[in-house]
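> coords please:
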Amino acid sequence: MTGTAARLPDGRLHLQEGPIDLVIGAEGEGEAMQQAYGAATSAFDGLLAGLAAELPLLRAPAGETPAAVQGPVARRMVAAVQPHRGVFVTPMAAVAGAVADHVLAAMVAAAPGLARAFVNDGGDVAFHLTPGARFELGLVPDLAAPALAGSAAVGFDDPVRGAATSGRGGRSFSLGIADAVTVLARTAAEADVAATLIANAVDLPGHPAIRRGPASAEDPDSDLGDRLVVLDVGELSDPEIDAALAAGAAEAERMRAAGLIHAAALALRGRWRVAAGDLPMRISAPAPRSEGRRRRP
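Next up is the predicted model:
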């Protein structure tokens, strides 16, 4: 097998290769957990190489005609971004969620006795539930300084099987200034791309306290090319924070009305906006105000 596989002290499975880092949990009767972990390991083997082979297509903006990719994860990525093709977005916006969806699907197919399972790819999570099972997700108000400040509970009857968080300070560049945007959707890939685009919409264009630069200058391989990404955010007034969050919340509500997501929670400098419909997303405490931070390496 390419990459590494190890069991964690609490029984979960850890799979890692290059930038892909999965923590996997499974619960079930009999041999279900072992079958699921075996299927996850098999599905992970060679996954990164398959994505690398199709990287030029996956870094190209979504257009009217879906990219003709071949791999199962690549196809999930392309399908997730197609509904958003009216704005600049590449299939790479869905990569972490698509990997989680793919590995989870292999687990469920191999182990019908699973009661509950999840695949967490760096905070983007795909999960499987059976009647009576629930999954609780923590809400992080700042990706640059992770600390839980709320939660969202999903049950078997809810239409959500994926969650993702994006924003400035995460693993990828952002065009906006959100500290964190968490999205609940039908799949992790769909949540991943939506979280990216909603985080981009949390913004104050032209604000002098926001420093931007070409993505290509920070990372020559970025799928964003020369587009200006946020590098640092200085002092913002409370009305300015509210205005930026309102812009992102409007985009979240548009996606929710279009059936692309089911809920979203947006955070900036300790202030929140929630678009949740009938799904409860509880903000348990205000997050501390944070000064501008650079993207983590």
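
> all the helices of the stretch 51-200 of the chain, in order from the start?
Ranges of helices within the stretch 51-200 of the chain are 55-58, 72-81, 95-110, 188-201, based on DSSP state H, counting those that start in this stretch.

> out of those helices, deepest packed?
Mean neighbour count (mean count of other Cβ atoms under 10 Å) peaks for helix 188-201 among the helices of the stretch 51-200 of the chain, with a mean of 30. Using the backbone N, CA and C atoms, a C-beta is placed for each residue, glycine as well.

> by how many degrees do it and helix 95-110 diverge?
If you take axes from the mean of the first three to the mean of the last three Cα atoms, to 10 degrees, helix 188-201 sits at 160 degrees to helix 95-110.

> any stretches of the stretch 1-150 of the chain with poor pLDDT?
Applying pLDDT under 70 to the stretch 1-150 of the chain flags no residue at all.

> that one: strands as residue ranges?
Counting by DSSP state E, counting those that start in this stretch, the stretch 1-150 of the chain has these strands, from start to end: 4-7, 13-17, 20-28, 114-121, 124-129, 134-139, 150-155.

> please identify the most buried of those.
Most buried of these by mean neighbour count (mean count of other Cβ under 10 Å) is strand 124-129; its value is a mean of 25.

> show me what it is packed against.
Identification of packing neighbours for strand 124-129 by 3 or more Cβ pairs under 8 Å, 6 or more residues apart in numbering; DSSP states H and E yields helix 95-110, strand 114-121, strand 134-139, strand 150-155, strand 162-166, helix 188-201.

> dump the ones you listed into JSON lines; add distance to Val229 as well.
Shown next, in JSON lines, are the helices and strands packed on strand 124-129 (distance: least, Cβ to Cβ, whole Å):
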{"stretch": "helix 95-110", "distance to Val229": "17"}
{"stretch": "strand 114-121", "distance to Val229": "22"}
{"stretch": "strand 134-139", "distance to Val229": "24"}
{"stretch": "strand 150-155", "distance to Val229": "27"}
{"stretch": "strand 162-166", "distance to Val229": "13"}
{"stretch": "helix 188-201", "distance to Val229": "10"}
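
> using the record's assignment, carve this structure into domains.
When the chain is parsed with automatic domain parsing, its domains come out as 1-130, 132-297.

> tell me how far the longest one lies from the chain's centre.
Using Cα atoms, centre = their mean, to the nearest Å, we find the averaged C-alpha position of domain 132-297 to lie 9 Å away from the chain's own average C-alpha position.
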